[in-house]
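Peer 1: Pasting the sequence and the predicted model now:
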Amino acid sequence: MSDLQRLMLAAAVLLVAVLVYLLHPILTPFLVGALLAYMGDPLADRLERLHLNRTVAVCVVFAVFSIVVATVLLITLPMIGRQLDILITRIPEWLHGLQELLLPFLQRTFNLPAGGWGFEELRENIGGDLKGAGNIVAVIWQRVAGSSVVIIAMVANILLIPVVTFYLLRDWDLLIAKLRESLPRTWETKVVDVSSECHEILGAFVRGQLMVMLALSIIYSIGLGIVGLDLALLLGLLAGLASIVPYLGFIVGIVAASVAAYFQFNEWLPLLWVALVFGVGQVLESVLLTPLLVGDRIGLHPVAVIFAVMAGGQLAGFVGVLLALPVAAVIMVWLRHLHAHYKSSELYDVAKP
């Protein structure tokens with residue numbers, strides 16, 4: 001690659017980054033649509049191999065996906081709303097219980113003074129704020145409904161997602177083919193190889209890891225519901241979503257569920273059942289879900305996942321979060337190739353003792 005080509009490539013990358021940063025307020029429906037199209041493309045390809053027209057195959061995939069999403073939302077949203085209301089009333093009680101349980105232990109163990117901790121003030125302030133909030137859904141709607149512009153923008157974004165998803169899914173293979181044809185001929189082989197590696201990683205992570213997160217959310221929610229926790233669905237979803245980072249979902253879920261179980265039942269025995277639920281979920285994830293749905297193809301270190309998501313959110317909000325893992329996967333693949341190039345270069349040979 002000549003110096004001019006390197007300069008043009010760097011300028012193109014910089015231009016794309018600047019455009020993403022400047023346009024991130026309107027990019028959310030397009031990125032969500034692209035993500036959904038990327039996830040649905042393999043299924044549409046399979047239907048095409050059954051001699052279905054691409055448009056018909058996309059319509060089938062789109063209809064099935066829409067029915068599943070609508071059914072899940074209609075079932076879960078009212079339940080989540082009720083459990084959020086329960087959580088609002090329980091948080092002051094939990095803070096009071098932690099104050100009664102932990103403070104005497106800390107004072108005895110570390111010989112700490114009795115006053116000046118501020119737990120009582122914290123509990124009163126949080127309790128007052130939460131009681132004033134009332135129903136969480138009503139509060140969100142009141143704040144959103146205060147501006148007609150916000151409502152119009154929100155509705156437009158929601159309606160735009162299925163439109164973008166449909167057209168991207170219908171033309172996905174055509175868009176990929178045109179992108180490949182537009183590459184410089186000397187770059188095509190290398191870019192296609194790198195893109196294939198990125199696709200393998202992203203496919204494993206986006207499709208596989210999301211399926212693992214969904215399965216764990218269902219397992220944890222059902223298990224905690226059998227235990228009798230009032231916040232079973234909320235805690236199960238929390239643990240499932242946190243499972244985007246290995247072992248984080250297990251740690252966050254078992255801690256939160258144990259606190260909820262102890263203060264709901266005022267007994268230690270339910271904590272053993274909570275531990276059993278998360279133990280079974282962890283075993284299923286390690287032995288069955290991850291090997292079957294993800295495999296060992298991700299290659300993204302858990303710390304890299306955390307950093308990428310936090311950095312994306314800091315730089316570009318929700319759009320940054322959506323772009324974080326794809327960008328991290330591409331960077332990781334390029335770093336792997338750069339490392340292999342360095343190991344075969346004269347610089348590495350000179351550096352060897």
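Peer 2: Received, thanks. Since this is a predicted model, take the numbers as computed values, not measurements.

Peer 1: Low-confidence ranges, the stretch 151-300 of the chain, go.
Peer 2: Regions of the stretch 151-300 of the chain meeting the criterion pLDDT under 70 cover residues 151, 294-300.

Peer 1: contacting residues around residue 33?
Peer 2: By C-beta atoms under 8 Å, 6 or more residues apart in numbering, the contact list for residue 33 reads 160, 161, 162, 163, 164, 165, 168. Quick note: C-beta positions are derived from backbone N, CA and C, even for glycine.

Peer 1: The same query, at a cut-off of 6 Å, please.
Peer 2: 161, 164, 165, 168 (C-beta atoms under 6 Å, 6 or more residues apart in numbering).

Peer 1: Count the neighbours of the second one for me.
Peer 2: Other residues near residue 164 come to 17 when the count uses other C-beta atoms under 10 Å.

Peer 1: Could you say which helix or strand holds it?
Peer 2: Following DSSP states H and E, one finds residue 164 within helix 148-170.

Peer 1: How far off centre is the helix or strand that that helix is followed by?
Peer 2: Next in sequence after helix 148-170, counting helices and strands by DSSP H and E, comes helix 172-181. The chain centroid and the centroid of helix 172-181 are separated by 28 Å, computed with C-alpha atoms, centre = their mean, to the nearest Å.

Peer 1: who's in contact with helix 172-181?
Peer 2: With contact meaning C-beta under 6 Å, 6+ apart, helix 172-181 is reached by 37, 41.

Peer 1: can you rerun that using 10 Å?
Peer 2: Contacts with helix 172-181, where a contact means C-beta atoms under 10 Å, 6 or more residues apart in numbering, come from 34, 37-38, 40-41, 44-45, 48, 54, 58, 167-168, 171, 188, 191-192, 195, 199.

Peer 1: Report the buried residues of the helix holding residue 164.
Peer 2: For helix 148-170, burial by neighbour count (16 or more other C-beta atoms under 10 Å) applies to 160, 161, 162, 164, 165, 166, 168, 169, 170.

Peer 1: dump the residue contacts of the last one.
Peer 2: When you say that, I think you mean residue 170. Residues in contact with residue 170 (C-beta under 10 Å, 6+ apart) are 37, 44, 54, 55, 57, 58, 59, 61, 62.

Peer 1: Kindly report the same for the fifth one.
Peer 2: Applying C-beta under 10 Å, 6+ apart, we find residue 165 in contact with 29-30, 32-40, 58, 61-62, 65-66.

Peer 1: Return the distance of it relative to residue 200.
Peer 2: 23 Å (C-beta to C-beta, to the nearest Å).

Peer 1: for residue 236, same thing?
Peer 2: The value you get for residue 236 to residue 200, if C-beta to C-beta is used, is 30 Å.

Peer 1: neighbour-wise, which of the two wins?
Peer 2: residue 236 (26 against 16).

Peer 1: how about that one, secondary structure?
Peer 2: helix (DSSP: H, G, I helix; E, B strand; the rest coil).

Peer 1: Spit out the contact partners of it.
Peer 2: Contact analysis of residue 236 by C-beta under 10 Å, 6+ apart lists 216-225, 229, 249, 253, 257, 277, 281.

Peer 1: ok, and the closest non-adjacent residue to it?
Peer 2: Spatial nearest neighbour of residue 236, chain neighbours left out: residue 221 (2.9 Å); criterion: C-beta to C-beta, 6 or more residues apart in numbering.

Peer 1: what's the answer for residue 210, then?
Peer 2: Nearest residue to residue 210, sequence neighbours excluded (C-beta to C-beta, 6+ apart): residue 39, at 7.8 Å.

Peer 1: isn't the one you found right next to residue 206, touching?
Peer 2: Yes - Residue 39 lies in contact with residue 206 (C-beta atoms under 10 Å); the separation is 6.3 Å.

Peer 1: Quick check: residue 207 touching residue 200?
Peer 2: No - counting by C-beta under 10 Å, residue 207 does not reach residue 200; the two are 11.1 Å apart.

Peer 1: what touches both of those two?
Peer 2: With C-beta under 10 Å, 6+ apart, residue 207 and residue 200 have no common neighbours.

Peer 1: circling back to that earlier point, quick one, which of the contacts of residue 165 are buried?
Peer 2: By neighbour count, with 16+ other C-beta under 10 Å, the contacts of residue 165 hold 29-30, 32-40, 58, 61-62, 65 as buried.

Peer 1: Tell me the one of those nearest residue 86?
Peer 2: Comparing the buried ones among the contacts of residue 165 against residue 86 with C-beta to C-beta picks out residue 32 as the nearest, at 30.0 Å.

Peer 1: Helix 148-170 and the helix or strand the closest one falls within, what's the angle between them?
Peer 2: Element membership of residue 32, judged by DSSP H and E, is helix 3-49. Direction vectors for helix 3-49 and helix 148-170, defined by axes from the mean of the first three to the mean of the last three C-alpha atoms, to 10 degrees, enclose an angle of 80 degrees.

Peer 1: Give the other helices and strands that whatever helix or strand comes next after helix 3-49 contacts.
Peer 2: Per DSSP H and E, the first helix or strand lying C-terminal to helix 3-49 is helix 54-110. When contacts are defined as 3 or more C-beta pairs under 10 Å, 6 or more residues apart in numbering; DSSP states H and E, helix 54-110 packs onto helix 3-49, helix 119-133, helix 136-145, helix 148-170, helix 172-181, helix 210-227, helix 232-242, helix 248-265.

Peer 1: now with 6 Å?
Peer 2: On a contact count with 3 or more C-beta pairs under 6 Å, 6 or more residues apart in numbering; DSSP states H and E, helix 54-110 meets helix 3-49, helix 119-133, helix 148-170, helix 232-242.
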